[in-house]
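Engineer: I would like the atomic coordinates for the input below:
(chains A, B, C and D)
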2 protein chains.
Amino acid sequence: MKTHTRASAGLAAPTPTSADVARLAGVSRATVSYVLNDSASGRVGERTREKVLEAARELGYVPNAAARSLRAGRSGLVLLDNPNVVWGPLLAEFMADLRRHLLRLGYTAVLYGGTAADQDSESAARRWAELRPTAVLFGLGVVLTPESVDMLKRSGTQAVVSWGGDQVPGAHWWRADMTGVGREAGTHLLERGRRRIGVIVPTDRTLEYFSEPRLAGVQDAVARFTRSKRLTKAGAPRVVRIDLDYTEQAGAELAARLPELDLDAIFAYNDEYAMLVAASLQDAGVRIPEDVALVGADDLMLGRLMRPRLTSVRTELPSGGVLAELVDRFVQAADAPPVTVDVGQAQIIVRDSS
Amino acid sequence: MKTHTRASAGLAAPTPTSADVARLAGVSRATVSYVLNDSASGRVGERTREKVLEAARELGYVPNAAARSLRAGRSGLVLLDNPNVVWGPLLAEFMADLRRHLLRLGYTAVLYGGTAADQDSESAARRWAELRPTAVLFGLGVVLTPESVDMLKRSGTQAVVSWGGDQVPGAHWWRADMTGVGREAGTHLLERGRRRIGVIVPTDRTLEYFSEPRLAGVQDAVARFTRSKRLTKAGAPRVVRIDLDYTEQAGAELAARLPELDLDAIFAYNDEYAMLVAASLQDAGVRIPEDVALVGADDLMLGRLMRPRLTSVRTELPSGGVLAELVDRFVQAADAPPVTVDVGQAQIIVRDSS
DNA sequence: TTGAAAGCGCTACCAG
DNA sequence: CTGGTAGCGCTTTCAA
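Structural biologist: Down below sits the predicted model:
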């Protein structure tokens, strides 16, 4: 005898609860809970066990996460903020890896937020806090105010981890040395004898967490070089900041301004901007690398397809497994003070454009 | 007087509940609930209201979503599956837009899953169902079995929407005509007098939901052309399927095989593959478009930066607002039969490569 | 205008 | 080995 009605019949669908399973199996709700979580305390007989499993299958029972986390006091939810970044294959693989490992460790990973979804960090954090996540990871261009971090922790979040971006008081910090990319590019160009280096800085504000450190890295490379060679201020290499829209027109304008800028090298923020620069310069008759050396970053496929092939700086994004383990450690020891972990080695891939 | 202990003190952080707020404000929990949701029934006096708000602020109270949805019977959660696709700027903007509008409509949108995170659709769906989402959107290369859809609906999901990909029994279908891209490319090439068209099909299996329909679209364009011109089978244009890895080596091999293939046009799946093809052919001395016309798709910036500039097919991704409204409608009328909505007009952008 | 209390689905304690 | 039951935090009806 069926007592429930089909959803398509227009009546409220009767989502089965553990009580329904218990009734069908002829046991108590407690027993159902024991079987479904095969919990250590209260061992259940093999026959009962079978009956419960069978009943659950027949009803298509799915436990209710809200009820469970309400009772358990922890949700097992890990909120990953959605980085404000184009998802290249590298990042996609990393995120998938991270998710997989968190799953293995018993967490439910969820991407939340993303480009310009909430206006202020405060209201975003409040929305996160409502879900009572066990851990929150944010970074790659997203910042949380210290107040937001505090709100999360006060509402039970065991671990808040800043990832890649800035340090935030109260949060763990999985630090990626964002200046390494620029330093690697600068050092390489100096070794090749270039002394007048333009650095492309995208005008897109959402990229500034990457672009500014990359510029700073080049400046640092030049400063070290100047020091080690004991050069005078006048004899030191030059670094020119070039703000650039990601449009063909902006590229053409840069090409027109080039003589006045008097550069012999450009570090183009990343491979996509490098391609824009290359196309613009080549249209204007500038030879790469003879007149101007060009270096990109992120080692995208398109760099290998450009002619000349593009020299690029690759950043190692460490395995998602490592971050997952780290998060788990932080969660276990929620009271420990914030920890800083360093990652992200930059490495130059020399091809034909420099 | 502070009665709470700091999280950093090593004691369990006392997450404030609505009862705490009530106590501090000197009212009942019911009143707190009324004020915080400014619910119509049970109007509260202005003075009490102030007191409650003040108390909530002082305690840093954040409501518990699990408790709320348990009581309310609906979570307001919209699960967006994370498409198995590189997030270009177009898709990123669309997703952000969708999220924004869902937020406006009172939903909490969350990205869930993604590349190869769960093995089978079944276990993924079970994990989703545990969260008792109000709606689930999936698509762009991800499929859910009819059984999974059924499980979701039986566990209270009001609307399951397949987005872009295949139709799934029981789910609404926001259909994007994936063949339109290929048809547009094929028609354009035929108009330009090309009769021997190679179609690149990526070997990457995760792309087949895009690549196969794009190939089919070209074939359809040729079939229409043949019919309208009343051509004999022997005189009809030719379509050659070319499976291709996304590697430089595969590109070089294609270039070597080109004379044997005897093509005068290539539709390259998308702009990235088009760039690979262009670089390979040009290295081999093939002229574009004189010897071989080349068409990409997705209208990426890189197509405008290539030389010759790349002809590309652009797909209109309609506004996220439209999808959001649609989802809301589906949720309101959860019992209505599955609906199909058509979207995604393809449009050729002619540049210099064809 | 406000308060008391029931109950959403689940787990974990304690009895039997 | 199994069942009764309290209670997680919240909303909402009913009574005062």
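Engineer: Sketch out the low-pLDDT regions of chain A for me.
Structural biologist: A:1-13, A:40-42, A:84-88, A:114-119, A:141 (pLDDT under 70).
Engineer: Could you report the neighbour count for the residue of the stretch 151-300 of chain A found nearest DNA strand D?
Structural biologist: Going by CB to the nearest atom of the strand, DNA strand D is nearest to residue A:156 of the stretch 151-300 of chain A, at 8.7 Å. Every C-beta, even on glycine, is put in place using the N, C-alpha and C of the backbone. A total of 21 residues lie near residue A:156 under the criterion other CB atoms under 10 Å in any protein chain shown.
Engineer: contacting residues around residue A:212?
Structural biologist: residue A:201 (CB atoms under 8 Å, 6 or more residues apart in numbering or on different chains).
Engineer: what residues does chain A put near DNA strand D?
Structural biologist: A:26-31, A:34, A:42-45, A:47-49, A:67, A:70-71, A:73 (CB under 7 Å from any atom of the strand).
Engineer: where along chain A do the helices fall?
Structural biologist: A:18-25, A:29-36, A:46-59, A:65-72, A:89-104, A:121-130, A:146-154, A:179-191, A:208-228, A:248-261, A:271-283, A:301-305, A:320-332 (DSSP state H).
Engineer: Can you give me the buried ones in the second one?
Structural biologist: The neighbour-count check on helix A:29-36 (16 or more other CB atoms under 10 Å in any protein chain shown) flags A:31-36 as buried.
Engineer: Give me the phi and psi for the residue in the stretch 201-350 of chain A positioned nearest to DNA strand D.
Structural biologist: Minimum separation of the stretch 201-350 of chain A from DNA strand D (CB to the nearest atom of the strand) falls at residue A:334, amounting to 16.4 Å. Torsion angles at residue A:334 (phi, psi; degrees, to the nearest 10) stand at phi -70, psi -20.
Engineer: Next up, the contacts around the residue of the stretch 151-300 of chain A closest to DNA strand D.
Structural biologist: Counting by CB under 8 Å, 6+ apart, residue A:156 has contacts A:73-74, A:132, B:13, B:15.
Engineer: Now render the residues you listed as TSV, adding neighbour count.
Structural biologist: Listed next are these as TSV, based on neighbours: other CB atoms under 10 Å in any protein chain shown:
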residue	neighbour count
A:73	10
A:74	14
A:132	23
B:13	19
B:15	21
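Engineer: if I look at the residue of the stretch 151-300 of chain A closest to DNA strand D, how far off is DNA strand C?
Structural biologist: Shown here: residue A:156 relative to DNA strand C, a distance of 16 Å by CB to the nearest atom of the strand, to the nearest Å.
Engineer: Number of residues surrounding the spatially closest residue to residue A:296 that is not a sequence neighbour?
Structural biologist: Distance criterion CB to CB, 6 or more residues apart in numbering or on different chains; nearest residue to residue A:296, sequence neighbours excluded, is residue A:274 at 3.3 Å. For residue A:274, the neighbour count with other CB under 10 Å is 28.
Engineer: correct me, but residue A:274 touches residue A:313?
Structural biologist: No - counting by CB atoms under 8 Å, residue A:274 stays clear of residue A:313, with 10.5 Å between them.
Engineer: what do those two both touch?
Structural biologist: A:295-297.
Engineer: Name the nearest of those relative to chain B.
Structural biologist: Distance to chain B, by CB to the nearest CB, is smallest for residue A:296 among these, at 12.7 Å.
Engineer: Distance check, that closest one against residue A:304.
Structural biologist: According to CB to CB, to the nearest Å, residue A:296 stands 11 Å off from residue A:304.
Engineer: now do residue A:34
Structural biologist: Residue A:34 is 57 Å from residue A:304, by CB to CB.
Engineer: Equivalent analysis for residue A:236, please.
Structural biologist: 34 Å.
Engineer: Would you mind telling me which of the two has more residues around it?
Structural biologist: residue A:304 (18 against 15).
Engineer: Check whether the more buried one really touches residue A:351, as I assumed.
Structural biologist: Yes - Residue A:304 is within contact range of residue A:351, at 7.5 Å (criterion: CB under 8 Å).
Engineer: re the thing from before, Serialize the shared contacts of residue A:274 and residue A:313 to CSV and add fields for distance to residue A:321.
Structural biologist: Listed next are the shared contacts of residue A:274 and residue A:313 as CSV, based on distance: CB to CB, whole Å:
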residue, distance to residue A:321
A:295, 31
A:296, 29
A:297, 25
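Engineer: can you narrow the residues you listed to ones near DNA strand C?
Structural biologist: Counting by CB under 7 Å from any atom of the strand, no member of the shared contacts of residue A:274 and residue A:313 is near DNA strand C.
Engineer: just to revisit the earlier point, kindly indicate which of the buried residues of helix A:29-36 lies nearest residue B:228.
Structural biologist: Taking CB to CB as the measure, residue B:228 lies nearest residue A:36 of the buried residues of helix A:29-36, at 62.6 Å.
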